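In: Okay, structure incoming, though there's no sequence with it:
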């Protein structure tokens with residue numbers, strides 16, 4: 001007898017069974033609930049097992065949709081389709097509202113790169129979506145935030161987001177809830193005119209992972225976090241932050257890690273020419289943070305004790321691990337007169353201060369305070385300051401497991 005016939009026979013023996021939607025059944029049916037069902041006897045056992053096999057059959061599994069943006073399928077329409085808000089608008093393929101077992105719905109920009117200039121805000125992201133940018137640029141035209149995420153897993157690959165503007169948090173991207181992944185992309189020239197996070201804001205119910213990306217020339221119009229304002233969980237690797245700015249009274253020219261935020265992990269990244277009142281590159285208010293293999297140079301704080309490169313801690317509960325990082329050429333200003341200031345401790349604690357080259361500041365003993373001989377101009381994208389062969393920083397750090405290559409992907413000696 002086939003599984004389907006067995007299921008029908010079992011159904012005929014049951015007087016009244018209300019079946020929930022497939023996704024709800026698969027997500028909610030726990031071991032305890034199965035045990036309760038099984039107590040009804042052998043017929044119920046046969047029915048449940050047959051039903052599960054039927055629901056899990058390949059014929060019934062929902063495949064994630066692939067939606068191609070083109071002349072008759074706009075990006076806004078594609079996002080609506082992926083959110084499940086419409087069905088086959090124009091030539092857009094129908095989305096799955098993120099219910100596909102194969103993963104997120106995929107939106108592909110055309111293979112020949114170009115620019116989209118928004119004339120209205122894009123739909124909010126409310127499902128699992130991946131956008132393959134294929135080198136395209138989305139401009140907010142100085143009027144609109146490009147992406148706002150309310151739930152789901154949202155991934156952006158190979159895309160430039162520029163000239164975005166919002167009166168709320170996150171000039172270019174606001175992650176209110178869910179997981180956000182930014183890969184090989186750029187966020188530039190964006191402003192949060194009335195709030196924090198010129199490039200991006202991550203709320204407490206959100207997380208962001210940034211890999212191989214660039215944040216440049218973003219500005220927090222109200223106060224803090226010229227590039228990123230982190231209230232949630234933030235992980236950054238192989239990326240660069242340059243020319244970002246918090247307002248004259250703001251903190252965290254590139255990144256601010258706010259009190260109560262979940263976590264901050266930054267590795268293999270470069271911070272240059274960022275500006276704030278305190279924490280020219282990074283300001284860590286409270287909570288755990290791990291900073292590994294960073295180059296932080298040419299950043300500025302307007303406060304004389306502000307930490308031109310990094311400012312750590314407003315409370316004794318701030319614990320930061322700074323490892324194998326190079327801090328040099330950062331400034332803090334006293335009555336408009338610059339003074340070298342690479343790292344500054346407030347009331348926080350710097351733990352794991354290992355393998356660092358810190359030229360000046362109050363962050364405790366470093367491996368070295370020698371001049372690293374950094375070049376004046378960065379190269380590449382994301383930008384790096386490649387060390388000359390005679391730099392005292394060459395081969396001077398401790399080997400750390402889990403970091404096989406540098407920002408450029410060049411292998412490091414391993415422990």
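Out: Nice, I can see it. This is a predicted model, so every value here is computed, not measured.

In: Does residue 265 fall in a helix, a strand, or a coil region?
Out: Per DSSP: H, G, I helix; E, B strand; the rest coil, the secondary structure class of residue 265 is strand.

In: and the gap between it and residue 321?
Out: 10 Å (CB to CB, to the nearest Å). To be clear about C-beta, it is placed using only N, CA and C from the backbone, and glycine gets the same treatment.

In: shared neighbours of these two, which are they?
Out: By the contact definition CB atoms under 8 Å, 6 or more residues apart in numbering, residue 265 and residue 321 are jointly contacted by 289, 290, 292.

In: what's the closest of those to residue 334?
Out: Comparing the shared contacts of residue 265 and residue 321 against residue 334 with CB to CB places residue 289 closest, at 27.1 Å.

In: How far does stretch 290-308 stretch from one end to the other?
Out: One end of stretch 290-308 to the other measures 19 Å (CA to CA, to the nearest Å).

In: Walking through this protein, point out its helices one by one.
Out: Here the chain has its helices, by DSSP state H, at 3-12, 22-28, 31-38, 42-55, 75-83.

In: Pull the contacting residues for the residue lying closest to residue 221 once chain neighbours are set aside.
Out: Spatially, and ignoring its direct neighbours in sequence, residue 221 is nearest to residue 193 (4.0 Å; CB to CB, 6 or more residues apart in numbering). Neighbouring residues of residue 193 by CB under 8 Å, 6+ apart: 165, 166, 167, 171, 221, 222.

In: These, buried ones only, as a PyMOL selection?
Out: Restricted to buried positions by 16 or more other CB atoms under 10 Å, the PyMOL selection for these reads:
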select buried, resi 165+166+171+221+222
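
In: from what I can see residue 232 touches residue 206, true?
Out: Yes. At 4.5 Å, residue 232 and residue 206 qualify as touching, with contact defined as CB atoms under 8 Å.

In: What's the local residue count around the closest residue in space to residue 174 that isn't next to it in sequence?
Out: Nearest residue to residue 174, sequence neighbours excluded (CB to CB, 6+ apart): residue 148, at 4.7 Å. Residue 148 has 20 neighbours, counted by other CB atoms under 10 Å.

In: One more: residue 219?
Out: Around residue 219 there are 24 residues (other CB under 10 Å).

In: Quick check: it vs residue 236, distance?
Out: 19 Å.

In: picking that back up, need the overlap of contacts for residue 232 and residue 206.
Out: Going by CB under 8 Å, 6+ apart, residues that sit against residue 232 and also against residue 206 are residue 175.

In: when you check the contacts of residue 193 against the strands, which ones overlap?
Out: 165, 166 (DSSP state E).

In: between the contacts of residue 193, which is nearest residue 259?
Out: For the contacts of residue 193, the nearest to residue 259 is residue 222 (17.3 Å; CB to CB).

In: give the contact list for the nearest residue to that closest one once chain neighbours are set aside.
Out: Closest residue to residue 222 apart from its sequence neighbours, by CB to CB, 6+ apart: residue 195 at 5.1 Å. Counting by CB under 8 Å, 6+ apart, residue 195 touches 166, 167, 168, 169, 170, 201, 220, 221, 222, 223.

In: Can you redo these as JSON lines, where the extra columns are distance to residue 131 and pLDDT?
Out: Putting these into JSON lines (distance: CB to CB, whole Å; pLDDT from 0 to 100) gives the following:
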{"residue": "166", "distance to residue 131": "19", "pLDDT": "94"}
{"residue": "167", "distance to residue 131": "24", "pLDDT": "90"}
{"residue": "168", "distance to residue 131": "22", "pLDDT": "86"}
{"residue": "169", "distance to residue 131": "21", "pLDDT": "87"}
{"residue": "170", "distance to residue 131": "17", "pLDDT": "95"}
{"residue": "201", "distance to residue 131": "19", "pLDDT": "97"}
{"residue": "220", "distance to residue 131": "25", "pLDDT": "94"}
{"residue": "221", "distance to residue 131": "26", "pLDDT": "83"}
{"residue": "222", "distance to residue 131": "28", "pLDDT": "80"}
{"residue": "223", "distance to residue 131": "30", "pLDDT": "83"}
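
In: Roughly how far does residue 190 sit from residue 105?
Out: In terms of CB to CB, residue 190 sits 26 Å off from residue 105.

In: Correct me if wrong: residue 151 contacts residue 127.
Out: Yes. Using CB under 8 Å, residue 151 makes contact with residue 127 at a distance of 7.4 Å.

In: Of the two, give the one with the bigger neighbour count.
Out: More crowded of residue 151 and residue 127, by other CB under 10 Å: residue 127, with 24 against 17.

In: Which pLDDT value belongs to the more buried one?
Out: Note on residue 127: pLDDT of 93.

In: ok, it touching residue 85?
Out: No. Shown here, residue 127 and residue 85 do not form a contact pair, counting by CB under 8 Å, at 9.4 Å.
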